[in-house]
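>>> here is a sequence together with a model predicted from it:
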Amino acid sequence: MPQQLFHNMSNLFSTAFFKEDVIHNNTLNPVRLAVGARCYRIQSRLLRIPDRYGIFSPGPPRLQVYQAGRFMGFLL
């Protein structure tokens, strides 16, 4: 069980940080899409930052993936 959990976490980490924004078969990176959507919700609902001043936008999904990738790169 712990080995499977470690494998899943390492796979998630590598998908989030080291794969492209658009992965195989013209599909958006699902981890970055989830990070972008979640960060937008935090920015708009919790912090109440207007969209024009925030880092994250409400869409389209390809833009959210791009913004999440740049933000995670900034954090590293």
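Good, I have the coordinates.
>>> show me where the protein dips below the pLDDT cut-off.
Within the chain, the segments meeting pLDDT under 70 span 1, 6-19.
>>> can you tell me the helix or strand for Leu5?
For Leu5, the host element (DSSP states H and E) is helix 2-18.
>>> show me where this structure has strands.
Under the criterion DSSP state E, strands of the chain are mapped to 22-23, 27-28.
>>> a markdown table for those, including distance to Ile49?
In this view, the C-beta of every residue, glycine as well, is placed from N, C-alpha and C. Formatted as a markdown table, these follow (distance: least, C-beta to C-beta, whole Å):
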| stretch | distance to Ile49 |
| --- | --- |
| strand 22-23 | 28 |
| strand 27-28 | 24 |
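>>> buried sites along stretch 47-66?
Gly54, Phe56, Ser57, Gln64, Val65, Tyr66 (16 or more other C-beta atoms under 10 Å).
>>> endpoints of it, how far apart?
Stretch 47-66 stretches 21 Å from its first residue to its last (C-alpha to C-alpha, to the nearest Å).
>>> how about stretch 44-55?
OK, stretch 44-55 end separation, C-alpha to C-alpha: 10 Å.
>>> contacting residues around that stretch?
Cys39, Tyr40, Gln43, Ser57, Pro58, Gln67, Phe71 (C-beta atoms under 8 Å, 6 or more residues apart in numbering).
>>> leaving out the residues flanking it, which one is nearest to the fifth one?
Setting aside the residues directly before and after it, Pro58 is nearest to Tyr40 in space (C-beta to C-beta, 6 or more residues apart in numbering), at 6.1 Å.
>>> so how far is Asn25 from that neighbour?
According to C-beta to C-beta, to the nearest Å, Tyr40 stands 25 Å off from Asn25.
>>> neighbour count winner among these two?
Taking neighbours as other C-beta atoms under 10 Å, Tyr40 and Asn25 compare with Tyr40 leading, 21 against 5.
>>> ok, that one touching Pro61?
No: using C-beta atoms under 8 Å, Tyr40 makes no contact with Pro61, being 11.0 Å away.
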